[in-house]
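Enquirer: okay, sequence plus prediction incoming.
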Amino acid sequence: EAGVTQSPTHLIKTRGQQATLRCSPISGHTSVYWYQQALGLGLQFLLWYDEGEERNRGNFPPRFSGRQFPNYSSELNVNALELEDSALYLCASSLGLAGSSEQFFGPGTRLTVL
Amino acid sequence: AQKVTQAQTEISVVEKEDVTLDCVYETRDTTYYLFWYKQPPSGELVFLIRRNSFDEQNEISGRYSWNFQKSTSSFNFTITASQVVDSAVYFCALSEARDNFNKFYFGSGTKLNVKP
C-alpha cells in the first residue's frame, strides 16, 4: 500500500513569489493535514482538510491557503513568500478523527525562499 | 504558552545505554490524546504510540516504554538498551477534544544521538 506522497521534494523560490505544494493521502484516508517544520521550531499545525472542506487552521496568516480535491489529494499554497517561510512542509493523512487514529506522514517538501 | 514541552533539545548516549525523553503537556480538556513520533534523518515521521487521557497504564513495546502520569502532566518515553538506529528526532504531541482531536500540538522535539 502506497504511503503519503508529496511533491516536489525540494522547491526554491524568491521573496514575493508563490509556492504550491502537493500531497496525496493514503488510499481511503479522507483527512489531510499540513504542518510547517521550521528549523528548531518543531512542527506547527497549518491546516486540516476533510471531505473537501477546510476544517481547522493554525495561527498562520491568510497567505497560507490550500484546498482538497475530490480524490482527497491536497494543495498548499503560500503567497507572497517571505524568507521565514523557508521550512520543511509535512503532509499527513488519517482516516478521519485523527485523535482516534494516527496520522501518517509524507516525506515532506523542503521550501527554500531566497 | 507551549502546550507540549520537550525540554531536552538534544541527548547523546552510547549504544546499550537506557535513555528517557521527557514530555510535559498542558491542557484544560479532560479528554485528550498524547502521541510520540520518531523522525529519522530521512525526514518522514513515524508513529510510535497513541495514549488517551483515560488510560494511565504504562506501556511497553520491545525496547520502548512509556510512562503516562496525569498528576504531573507528563508522558515520558524510555528506550532501553539504545541502538544506533534509534538516532532520530522524537516528537511528543497532543490533540484535544475541543478541536475534535484534529489539531495536533507538537513539542519542539528531542534529538537523540546514539553513538556506537
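Expert: Nice, I can see it. Residues are numbered from 1 along each chain as shown, chains lettered A, B, ... in the order given.

Enquirer: so, low pLDDT: which residues of the chain?
Expert: Using chain A. Within chain A, the stretches with pLDDT under 70 are A:1, A:96-101.

Enquirer: that's the wrong chain, I meant chain B
Expert: In chain B (pLDDT under 70), the answer is B:1, B:100-101.

Enquirer: ok, and the closest non-adjacent residue to the residue nearest to the spatial centre of chain A?
Expert: Geometric centre of chain A, nearest residue: A:Trp34, 3.0 Å, by C-alpha atoms, centre = their mean. Nearest residue to A:Trp34 in three dimensions, chain neighbours excluded: A:Leu46, at 4.1 Å (C-beta to C-beta, 6 or more residues apart in numbering or on different chains). Using the backbone N, CA and C atoms, a C-beta is placed for each residue, glycine as well.

Enquirer: show me what contacts that neighbour?
Expert: Shown in contact with A:Leu46 (C-beta atoms under 8 Å, 6 or more residues apart in numbering or on different chains): A:Tyr33, A:Trp34, A:Tyr35, A:Gln36, A:Arg57, A:Gly58, A:Phe60, A:Phe64, A:Leu76, A:Tyr89.

Enquirer: so which of those belong to helices?
Expert: With helices taken from DSSP state H, there is no overlap with the contacts of A:Leu46.

Enquirer: in stretch A:36-48, what counts as buried?
Expert: A:Gln36, A:Gln37, A:Gly42, A:Leu43, A:Gln44, A:Phe45, A:Leu46, A:Leu47, A:Trp48 (16 or more other C-beta atoms under 10 Å in any protein chain shown).

Enquirer: so which of those residues sit within helices?
Expert: Reading helices off these, I find no matches (DSSP H).

Enquirer: rewinding a little: in strands only, show me the contacts of A:Leu46.
Expert: A:Tyr33, A:Trp34, A:Tyr35, A:Gln36, A:Arg57, A:Phe64, A:Leu76, A:Tyr89 (DSSP state E).
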